[in-house]
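J.: build the 3D model from these lines:
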Amino acid sequence: MAAVTIAQIPTNLTFHDLTTKYLPFVSINTAYIFNDSRASQQLADAVINPVTIFLSLNTPFQQYEATPPPNDAAGQIEAASVTSVALNSDLLQYLQIDGLHRSTSFNGTSFMRTRFNDTQYEHVTGGQNIEVFRNETAFYVGTGIGFKSNDLEFAGGIIHIVDHPMAPPYSLGNTGTVLGINSIAGIIQASEMGPNSSFLPNIQEARDVTVFAPQNSALSNTSVASPQAAANFVVSGTVLYSTALTAGVSFFTAGRTKLFITTDASGVIFVNGSRIVEPDILTANGVVHILESPFTSNAMSRR
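T.: Numbers count the residues shown, from 1 in each chain. Prediction:
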């Protein structure tokens, strides 16, 4: 695709005129928007309520639509995100964030709240987030979705064109299944048998959950099978993205274990001495961070 530059496009066009006349390579994505009364009205009203929207290229979008959801694991949101019939008004909200956000406004890792706030599908207070990362050499959204063209302005809004469709995060259980993170299933099962919701809520259904999940190779050294053990890896009631895990911060898990955050000179994050090897896996009700090893008993303290 040839790069689209601001100089090639007249200023102050409506979203409809900009996309239909100058951006034919996103026509599949925009067709859904024009057929959806809520999304099309939001973009028509962008002068009053400014918006930034992420649109994907046609070819990968077609490939994405043809991808079947995971066997025996797909909940409603997973199936909806890969079938044209169910790519409905709620999911189109995930492409939009309030306000004008040019590429230069992103620096490092940012978590931006989208307009996707349907509690039938997601359970993050205030609406689901997306991750945007930008430094001197890289610029992507979500799990490595790259940008093709940036800062295409229309009346009241900004379009960023990305190289792969964006879909809301999976449920916590399906995140573990699709990514093969075995400890997530164990923590969920333990939460379902917890003695009461104030100790360890059913984290598959709870709102605002942060899970610190040991990687598969570490499971032989720990157990998450009991509610008491699993509760040490769950922070309920708040979503702690990596941007909140700064050196010196501490907080309590559902099991009343106090977790301490430290970082090294490279910015790598440690939780009670265990390195986070993969941060910020967004889920429908919060976030998961993968740990290199479980917490050790002498690294844990209780109130």
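J.: okay, CA-based contacts and neighbour counts for the rest of this
T.: Will do.
J.: so F147 touches I161, yeah?
T.: Yes - under the criterion of CA atoms under 8 Å, F147 makes contact with I161 at 5.9 Å.
J.: which residue of these two possesses the greater neighbour count?
T.: Neighbour comparison, F147 and I161: the larger count goes to I161, with 23 against 19 (by other CA atoms under 10 Å).
J.: partners of the helix or strand encompassing the more buried one in the sheet?
T.: Secondary structure from DSSP states H and E places I161 in strand 157-162. The pairing partners recorded for strand 157-162 under DSSP bridges are strand 51-56 (parallel), strand 145-154 (antiparallel).
J.: could I get these as TSV with mean pLDDT and distance to T175?
T.: Listed next are the strands paired with strand 157-162 as TSV, based on pLDDT from 0 to 100; distance: least, CA to CA, whole Å:
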stretch	mean pLDDT	distance to T175
strand 51-56	93	23
strand 145-154	84	18
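J.: for the ones you listed, which one ends up most surrounded?
T.: Among the strands paired with strand 157-162, strand 51-56 has the highest mean neighbour count (mean count of other CA atoms under 10 Å), at a mean of 23.
J.: centre of the chain to that one, how far?
T.: Distance of strand 51-56 from the chain centroid (CA atoms, centre = their mean, to the nearest Å) equals 15 Å.
J.: got the CA coordinates for it in CSV?
T.: Included here for strand 51-56 are C-alpha records, laid out as CSV according to Å, rounded to 0.1, in the frame of the first residue of the first chain:
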residue,chain,number,x,y,z
VAL,A,51,-12.7,10.6,18.4
THR,A,52,-9.6,8.7,17.4
ILE,A,53,-10.4,5.5,15.4
PHE,A,54,-8.2,2.5,14.3
LEU,A,55,-9.1,1.0,10.9
SER,A,56,-7.5,-2.1,9.4
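J.: out of the helices and strands in the chain, which is least certain?
T.: Lowest by mean pLDDT, DSSP states H and E among the helices and strands of the chain is helix 76-80, with a mean of 47.
J.: for the strands paired with strand 157-162, which one sits closest to I269?
T.: Set against I269 and scored by CA to CA, those come closest in strand 145-154, at 23.5 Å.
J.: now do the strands in the stretch 151-300 of the chain.
T.: 157-162, 209-214, 234-236, 250-252, 257-263, 269-271, 274-283, 286-291 (DSSP state E, counting those that start in this stretch).
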